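Asker: Here is my input; please provide its structure:
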Amino acid sequence: MKNSTQNNIKWLSIVILIIATVNIAFIYAATISKIWIQDAIVWNQDKLAWQYFIIAGRFVGFGLLYIFCCIFLIRTNKAIKNGIIFPKSNIALIRWTALVSVLTTFVQSNYDDVIQGATCSVLNSNTIFIPLAILLFAGLYKMAYLAAEDSSLAI
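Answerer: All right, here's what the predicted structure looks like:
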């Protein structure tokens, strides 16, 4: 792979990490602000465990997605330096990302209702669609890995 392409991927990875860091900091700050600073949550005694689950799921889910993004970009950049275009370890990481995205999309669709103390919960179509799309990309990534592996064996 050309040096310019490697540099472009490296700089793009840095920009993605900066944007992801700002995004996760904003999500965490907004959630912490609603809980402790603004005291804007309407606590419903009948649904207290549900409210705790959704708020904790927001922290855990988005945190895991951020960590997975960092791991993916680091693995990709290390592999490119070694001449590997698609590292095999990223396939499982993308699949785990699909699993965690189920939690985050479900939590995100219920977060506003939980903050307002509503007693209902919502199952959004994105809770199913987004993980399926991520699994599709995992399959495409696996096919690209296998094609690259086959190509390197043929040479």
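Asker: tell me how far whichever helix in the chain runs longest is from the chain's mean position?
Answerer: What stands out as the longest helix in the chain, according to DSSP state H, is helix 48-81. Distance, stretch centre to chain centre, for helix 48-81: 5 Å (Cα atoms, centre = their mean, to the nearest Å).
Asker: Output the below-cut-off pLDDT ranges for this structure.
Answerer: For the chain, the stretches flagged by pLDDT under 70 are 1, 154-155.
Asker: Give me the residue at the spatial middle of it.
Answerer: In the chain, the residue lying closest to the centroid (Cα atoms, centre = their mean) is L65, at 2.8 Å.
Asker: ok, now how distant is that residue from I27?
Answerer: To I27, L65 is 10 Å away according to Cβ to Cβ, to the nearest Å. The way it works is simple: take the backbone N, C-alpha and C, and place the C-beta from them, glycine included.
Asker: quick one: contacts for the closest residue to C120 other than its chain neighbours?
Answerer: Leaving aside its sequence neighbours, C120 sits nearest to D113 (Cβ to Cβ, 6 or more residues apart in numbering; 6.5 Å). Residues near D113 by Cβ atoms under 8 Å, 6 or more residues apart in numbering: 120-122.
Asker: and D113, what helix or strand is that in?
Answerer: D113 belongs to helix 89-115 when assigned by DSSP states H and E.
Asker: now the angle between helix 48-81 and that helix, please.
Answerer: Taking axes from the mean of the first three to the mean of the last three Cα atoms, to 10 degrees, one finds helix 89-115 and helix 48-81 inclined to each other by 150 degrees.
Asker: got the phi/psi numbers for the nearest residue to C69 once chain neighbours are set aside?
Answerer: Nearest residue to C69, sequence neighbours excluded (Cβ to Cβ, 6+ apart): A20, at 5.3 Å. Backbone torsions of A20, given as degrees, to the nearest 10, read phi -60, psi -40.
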